[in-house]
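In: pasting the sequence and the predicted coordinates here, then a few questions.
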Amino acid sequence: MEQYCRRCGVKLEEGMRFCPSCGAAVTEAYPGQVSGAAPRPRTAGSNGLAVAGFVVSLVSLLINFLGIVGIVGLILSGIGLSQASREGDNRRGMALAGVIIGALSTLWGFFNIIRLF
């Protein structure tokens with residue numbers, strides 16, 4: 001009988017004690033109970049921090065209050081990029097674009113600060 005990980009839906013081989021994908025313990029089925037859960041379909045996944053960082057970085061190009069908005073976009077995008085790289089998320093490009101735009105916006109804000117004084 002096929003068995004699937006209850007946590008991530010990966011197909012498990014007979015005799016496995018832990019899921020090779022997520023590391024969750026494989027639980028034994030009770031008599032008369034179907035072993036494992038049906039696999040969840042793999043979705044594209046969404047990295048909320050990558051999306052938020054990208055949007056904030058874009059907004060920072062319009063409303064750049066001395067680079068502060070750019071710094072927020074840079075931080076959010078950096079964390080989103082870290083998560084995307086670790087989890088293999090498909091939003092890595094959006095996070096990387098947010099980091100670049102946020103860094104440029106921050107530099108632009110700092111140059112404006114220097115120009116004021």
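Out: Arrived safely. From a predicted model like this one, the values you see are computed outputs, not experimental measurements.
In: list the contacts of stretch 63-75.
Out: Residues from elsewhere that reach stretch 63-75, judged by CB atoms under 8 Å, 6 or more residues apart in numbering: 53-60, 98-99, 101-110, 112-113. Any C-beta I mention is one placed from the backbone N, CA and C, and that applies to glycine too.
In: try 6 Å this time
Out: Outside stretch 63-75, the residues that touch it by CB atoms under 6 Å, 6 or more residues apart in numbering are 53, 56-57, 60, 98, 102-103, 105-106, 109-110, 113.
In: also stretch 110-117?
Out: 66-67.
In: within the sheet, what are the partner strands of the one helix or strand in the chain whose mean pLDDT sits lowest, with directions?
Out: None of the helices or strands of the chain scores lower by mean pLDDT, DSSP states H and E than strand 3-4, at a mean of 78. Within its sheet, strand 3-4 is paired with strand 11-12 (antiparallel), according to DSSP bridges.
In: what's the first helix or strand after the strand it pairs with?
Out: Beyond strand 11-12 on the C-terminal side, the first helix or strand identified by DSSP states H and E is helix 48-62.
In: poorly predicted segments of this protein, please.
Out: By pLDDT under 70, the low-scoring segments of the chain are 1, 28-46, 89.
In: leaving out chain neighbours, which residue sits closest to residue 108?
Out: The spatially closest residue to residue 108, leaving aside those adjacent along the chain, is residue 64, at 6.2 Å (CB to CB, 6 or more residues apart in numbering).
In: in stretch 109-117, what's buried?
Out: Applying a neighbour-count criterion of 16 or more other CB atoms under 10 Å, one finds residue 109 buried in stretch 109-117.
In: and the longest helix along the chain with helix 48-62, angle?
Out: In the chain, ranked by residue count with DSSP state H as the criterion, the top helix is helix 92-116. Helix 92-116 and helix 48-62 meet at an angle of 30 degrees, taking axes from the mean of the first three to the mean of the last three CA atoms, to 10 degrees as the criterion.
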